[in-house]
Structure formats: structure tokens, C-alpha cells
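[1] need coordinates for the following:
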Amino acid sequence: MEIRNVKTFIRVAEIGNFSKAAQDLGYAQSTVTTQIQMLEKELHVTLFERNGKRITLSAAGREFLEYAYQMQMCEAMALDHFAAGREPQGKVTVGVMETICASRYGGIFRVFRQRYPKVNLKVVVATTLECMAMLEKGTLDVILTVDKKLHHPHWISAHELATEICFFCSSGHPFAGGEAVPVDTLIRESFIQIEEGCNYRQAFEQYLNDQGKYITNVMEIGYTRLIIDAVAAGLGVSLLPRFTLEEALERGEIAVFPVAGYSISMLMQVIYSENRWLAPPLQAFLHTAREILI
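    This is a model prediction of the structure:
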């Protein structure tokens, strides 16, 4: 059984599409089809159930996937063993929320690059849901996200950091006095929000929906820095993780205010899949993340 065929099977299983897996691996689609057929012939089973262009793992395919991950991991362990003591090299692909990139924690990538110049670092900026989907498909090695505790049977949380989600306004806004703002008063304000689907925005809007209350979003911006600038200019109020607000707070551009009877706390999490061998580049990145995320 050829390991390259096994690795091709894993990519097809994770992506769920022959042509996309072929593109990802740099093969012709006919090559991928042949490799899967060779495995099926060797194992005397059908690994995928085909329904037009859609494919899903068969019962045998799901069972073999566990063995395939172990075989891929053994290969990686052997390669790492004989490369022991060398400077980490290779590739690591990281998925991260824009909110984290826009804060001092974005320095993780600069520090990592300075320490490990032989590692090809690829950073994909996406929402939590997008990062989770890509980690599940194997297109990311590790994700950095701010959310409630994420649970998955094959994911490992390498680091967690409690994170306060803060409501904030311009320094000249009446809310800047520091007193708790009643929810009914807050919802009369114009909100400048991160894009729809962001976890802490969803949590707040769900809280309001449960009470039959709603807010008016006058702007939706996918970039944290622009949200802070808009709030500082007095165009509305917003909510973001506190670590993204540090510089603007120090400059006195904005003020954080409490909301009576309501608060949001989430976790910054560094997560990778146990189905992937902890190769030296990934180990190095996890070590760097632990140092920076304090």
C-alpha cells in the first residue's frame, strides 16, 4: 500500500470532492481517481459512495480513515525523528480572526517569522466558523479564535485565554461616565458592528432577541480598526474584545462602559487537530503562541 495513495484518500475524505482534492494536491483528477481505485482494490472495499458529483465516505471508508491518519502520522514521525536537532523547516498554515490580527496579539506572526525563518508561514484571516470548517477539512494546521469553549472529539486546545467583550463609545459620549447603561437605553443607540456571523455579535443579538428587543446597525465593517475609528468619531457604539481596544483607550479616543445586568466573556483559543502529527513547525508555532498570548 503506497503512502501517497493513503494521503490522497485523506485529502479527498476531508475535502469531500475529487477535483478539489486533486487541485490541492497538484494532481490531475484522473490520478486521484486511480489512486483511490488502487486502495479500494487492495482493501476489497468501496471507500466512497458516489451520487453524481457528491461523494461521501462509506462505512468502510470511515473505518479506514482512522488507519489512514495513523499511517500518515507514522510517516511524519519517522521524518521528524531523523531530522531531530535541525532548525524547524517546512510549512504551517494558521487560521485567525481579523480581530486578533488587529491587536497586539498579531505580533505572534512577526515573532514566529523572526525565530523560524526556514518555516513557510501562511496566515488565513477568516471568521471562527470559516476557520473551524477549514480545520475540519485539513486545510489549516491550527486556528486562533475568540469564542465560547469549542468542543470537537478530534481537536486539542493548546492554549486558552479568558477574554472580556466590551461595549464602548467615543470619549465624549454620555455613556463615557462609567455608570452602567440600562439595556433599554443602549438599544436606542446606533450600532457599528463587526460582520454578521461573528460569535460575540451573535451572542449579544441572541440575548436581545430572547427578550424581544433589537438594535439598529448603521454600519457593518469587517475590519476592527475601522470600527474603533468610527466609534471614536462619534458615529455610534459597538462591542469588541477588550484586547483590541487597548491602544485607543490609552489615547483617550474611546471609553468602555458596562451594561446593567449583562456581560460577555469568551476564550481566545489555539486549536489543532489530533489527526495531524505535531511536526516541528507546528510545535514551534504553538510554543510561540503560548508565550505571546498572556
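
[2] Val231: neighbouring residues, count only.
    27 (other Cβ atoms under 10 Å). (Each C-beta comes from the backbone N, C-alpha and C, glycine too.)

[3] how many other residues sit next to the residue nearest to Cys131 when sequence neighbours are not counted?
    Using Cβ to Cβ, 6 or more residues apart in numbering and skipping the chain neighbours, the partner closest in space to Cys131 is Gly95 (3.7 Å). Using other Cβ under 10 Å, Gly95 has 25 neighbouring residues.

[4] hang on, isn't Gly95 packed against Leu144?
    Yes: at 7.2 Å, Gly95 counts as touching Leu144 under the criterion of Cβ atoms under 8 Å.

[5] walking through the stretch 1-150 of the chain, point out its helices one by one.
    3-15, 18-25, 29-43, 59-82, 98-101, 107-115, 128-137 (DSSP state H, counting those that start in this stretch).

[6] okay, and the helix or strand of the protein with the least pLDDT?
    helix 59-82 (a mean of 80; mean pLDDT, DSSP states H and E).

[7] pull out the buried positions in that helix.
    For helix 59-82, burial by neighbour count (16 or more other Cβ atoms under 10 Å) applies to Gly61, Phe64, Leu65, Ala68, Tyr69, Met71, Gln72, Met73, Ala76, Asp80.

[8] surely the fourth one meets Phe9?
    Yes: A contact is recorded between Ala68 and Phe9 when judged using Cβ under 8 Å, the distance being 5.7 Å.

[9] break down the stretch 101-250 of the chain into its strands, ranges please.
    Remark: strands assigned in the stretch 101-250 of the chain by DSSP state E, counting those that start in this stretch are 119-125, 142-147, 155-170, 190-193, 216-220, 238-241.

[10] rank those strands by pLDDT, which is bottom?
    Among the strands of the stretch 101-250 of the chain, strand 216-220 carries the lowest mean pLDDT, at a mean of 90.

[11] given it, what are its sheet partners and their directions?
    Strand 216-220 sits in its sheet next to strand 190-193 (parallel), going by DSSP bridges.

[12] from the rest of the structure, what touches the strand it pairs with?
    Contacts of strand 190-193 with the rest of the structure, by Cβ atoms under 8 Å, 6 or more residues apart in numbering, involve 201, 215-221, 227, 230-231, 235-238.

[13] got it, and stretch 238-248?
    By Cβ under 8 Å, 6+ apart, stretch 238-248 touches 99, 102-105, 146, 163-168, 191-194, 200-201, 204, 224, 227-228, 230-232, 254, 256, 264, 266, 268.

[14] what residues sit buried inside it?
    Ser238, Leu239, Leu240, Pro241, Phe243, Thr244, Leu245, Ala248.

[15] pLDDT value on Met268, please?
    If you check Met268, the pLDDT there is 93.

[16] please report how far the closest residue to it other than its chain neighbours lies from Val256.
    The spatial neighbour of Met268 that comes closest, neighbours along the chain excluded (Cβ to Cβ, 6+ apart), is Leu161 at 4.3 Å. Taking Cβ to Cβ, to the nearest Å as the measure, Leu161 falls 19 Å from Val256.

[17] does Asn5 touch Leu39 like I think?
    Yes: with contacts counted by Cβ under 8 Å, Asn5 reaches Leu39, the gap being 5.2 Å.

[18] and the furthest pair within the buried residues of stretch 238-248?
    Maximum pairwise distance in those, criterion Cβ to Cβ, is 14.8 Å, between Ser238 and Phe243.

[19] before we move on, the earlier item: lowest average confidence across the helices of the stretch 1-150 of the chain, which one?
    Mean pLDDT, when computed for each of the helices of the stretch 1-150 of the chain, is lowest for helix 59-82, at a mean of 80.
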